[in-house]
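>>> got a sequence here, can you model it:
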Amino acid sequence: MMEDKFASTLHPLVDYGAGIFLLIVAILTVVGNVAVLATAVKCSSHLKSPDLLTINLAVTDLGMAVSMYPLAIASAWNHAWIGGHPSCLYYALMGFFFGVASMMTLTAMAVIRYLVTSTTTTNRNTIKKRAVYMVIMCIWLYALLWAIFPLIGWGHYGPEPFGISCTIAWSEFQNSPNGFSFILSMFILCTITPATTIITCYTTIAWKLHKAYQEIQNYDKMPNAAKIEKKLTLMAVLVSFGFLLAWMPYAIVSFWSMFHSTASIPPIVSLLPCLFAKSSTAFNPILYYMFSKTFRQKVKQLKCCCGWRIHFLQPEVSGEPAVSVIWTGRDNMQMSSVFKFNKGQSNSTVTQ
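Numbering: from 1, shown residues only. This next block holds a predicted model:
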């Protein structure tokens, strides 16, 4: 017989609604991030080092959607968690694993972007693909390490208070020094420090760009590369802060449950932040589509016809290579990427 802790504490209509919401998020996540990865495959010869982190972020979002959302949707519509304790451990581990990987990827993107905009043109090329590959490998190992800790006794996983999801067992750490040390360390090393790093890097970049724009004064007379850089910075900020804002309500509710009984939190109040956090996996492709004309063009080329023949696997016919752009202004900033912003006849490319 199924344990009570795996039974939903929500009204059946709420469960059905949550399942439908997750289904929509899953579809948007899969379609959007597959488009990002397909664009990267098509433009693989033009990929620059920072693009690898954009691809890694798409992999983390796609991995979360594929490995977790089907089980969550089925459990919501079943009005009880499916699979009991084993599937609960699996689901919580996957969520923590991909969540930490996403957070650290965003942190690495912020740091690398800060380094690129703060170095001279001569030293900028020192950020090689090999170094970024090493960073990505460290991100996955770091995420795996934290995901394994609860399995070996430092912290542990369990069902959410509303019963149809699993995560770190926040409320069970109230009287556990072992569990409390895990949560405190996790918050510092996987949440607070990365978030502070992201905010500091983008604040510094924004201030540097602001001073450069002040010297130009007239936006219409601003070099096209400078306008591109302004759009690029805004997109990078939205990607990072969108993730932080999506997970902030969930972090607050989770932290609250550490010091108070879960009975003090209505089930619907614990459900909504969880759903909002999961929706973060669908944000990034939408932002790329909004800000990048080139990405929109590439997505429109990803057409499927009879037999599911995918056109992005066909070779490029234009023969027009992506080119880098150098803005020889005050800070001499240079970016390059297949995720580019075109204006008029410009062939400028910039990296996320």
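
>>> so where is the stretch 251-352 of the chain shaky, pLDDT-wise?
260-263, 302-352 (pLDDT under 70).

>>> recalculate using a threshold of 50.
Residues of the stretch 251-352 of the chain that meet the criterion pLDDT under 50 lie in 304-336, 338, 341-352.

>>> the stretch 51-200 of the chain now?
The stretch 51-200 of the chain contains residues with pLDDT under 50 at 121-124.

>>> going along the chain, name the helices of it.
For the stretch 51-200 of the chain, helices defined by DSSP state H, counting those that start in this stretch occupy the ranges 51-78, 84-118, 121-124, 129-148, 177-187, 193-216.

>>> CSV for those, including mean neighbour count?
Quick note: C-beta positions are derived from backbone N, CA and C, even for glycine. Below are the helices of the stretch 51-200 of the chain laid out as CSV (neighbours: other CB atoms under 10 Å):
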stretch, mean neighbour count
helix 51-78, 21
helix 84-118, 21
helix 121-124, 12
helix 129-148, 15
helix 177-187, 15
helix 193-216, 16
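
>>> and these: which comes nearest Val31?
With CB to CB, the closest approach to Val31 among those belongs to helix 51-78: 10.0 Å.

>>> please name every helix or strand in contact with the closest one.
Helices and strands touching helix 51-78, by 3 or more CB pairs under 8 Å, 6 or more residues apart in numbering; DSSP states H and E, are helix 12-42, helix 84-118, helix 129-148, helix 267-278, helix 283-291.

>>> report the next helix or strand after the shortest one in sequence order.
By that I understand helix 283-291. helix 293-301 (DSSP states H and E).

>>> Thr117 contacts Lys208, doesn't it?
Yes. Contact status for Thr117 versus Lys208: in contact at 6.4 Å, counting by CB atoms under 8 Å.

>>> re the thing from before, got TSV for the helices and strands packed on helix 51-78, with distance to Thr60 too?
As requested, the helices and strands packed on helix 51-78 are exported to TSV (distance: least, CB to CB, whole Å):
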stretch	distance to Thr60
helix 12-42	9
helix 84-118	4
helix 129-148	8
helix 267-278	13
helix 283-291	10
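
>>> nearest to Phe241, of the ones you listed?
helix 84-118 (9.4 Å).

>>> let me know the angle separating that closest one from helix 177-187.
30 degrees (axes from the mean of the first three to the mean of the last three CA atoms, to 10 degrees).

>>> number of residues surrounding Phe6?
Residues lying near Phe6 (other CB atoms under 10 Å) number 20.

>>> mind listing what it touches?
Counting by CB atoms under 8 Å, 6 or more residues apart in numbering, Phe6 makes contact with Ala80, Trp81, Gly84, Cys88, Pro159, Gly163.

>>> can you give me phi and psi for the closest residue to the last one other than its chain neighbours?
With CB to CB, 6 or more residues apart in numbering as the criterion, Gly163 has its nearest non-adjacent residue at 4.3 Å, and that residue is Ser8. Ser8 adopts backbone torsions of phi -70, psi 140, taken as degrees, to the nearest 10.

>>> next one: Ser8, what pLDDT does it get?
At Ser8, the pLDDT value in this model is 85.

>>> what about it, neighbour count?
21.

>>> residues contacting it?
Counting by CB under 8 Å, 6+ apart, Ser8 touches Asp15, Ala76, His79, Ala80, Trp81, Phe162, Gly163, Ile164.

>>> count of residues packed around the first one?
In this case it means Asp15. Residues near Asp15, counting by other CB under 10 Å, number 22.

>>> so how far is Lys5 from it?
Note on Asp15: its distance to Lys5, by CB to CB, to the nearest Å, is 16 Å.

>>> so Phe96 touches His156, yeah?
No. With contact defined as CB under 8 Å, Phe96 does not reach His156; the gap is 11.3 Å.

>>> any common contacting residues for these two?
The contact sets of Phe96 and His156 overlap at Pro150, Ile168 (CB under 8 Å, 6+ apart).

>>> contacting residues around the residue nearest to Leu57 when sequence neighbours are not counted?
Leaving aside its sequence neighbours, Leu57 sits nearest to Thr105 (CB to CB, 6+ apart; 4.9 Å). Residues near Thr105 by CB under 8 Å, 6+ apart: Leu53, Asn56, Leu57, Thr60, Ile136, Ile139.

>>> nearest to Gly19 among the residues you listed?
Nearest to Gly19 among these is Thr60, at 23.0 Å by CB to CB.

>>> what about the helix or strand where Phe255 lies, distance to the chain center?
Using DSSP H and E, Phe255 sits in helix 224-259. Remark: helix 224-259 is offset 9 Å from the chain centroid, using CA atoms, centre = their mean, to the nearest Å.

>>> and it, what does it pack against?
helix 84-118, helix 177-187, helix 193-216, helix 267-278, helix 283-291, strand 325-326, strand 334-335.

>>> quick check: Val30 touching Ala65?
Yes. Using CB under 8 Å, Val30 is in contact with Ala65, at 5.6 Å.

>>> tell me the pLDDT at Pro50?
Among the per-residue scores, Pro50 holds a pLDDT of 75.

>>> give me the neighbour count for it.
24.

>>> quick check on it: phi, psi?
Dihedral angles phi and psi of Pro50 (degrees, to the nearest 10) take the values phi -60, psi -20.

>>> re earlier: could the helices and strands packed on helix 224-259 go into CSV alongside distance to Val36?
Listed next are the helices and strands packed on helix 224-259 as CSV, based on distance: least, CB to CB, whole Å:
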stretch, distance to Val36
helix 84-118, 13
helix 177-187, 29
helix 193-216, 20
helix 267-278, 18
helix 283-291, 5
strand 325-326, 22
strand 334-335, 18
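
>>> alright, I will stop here.
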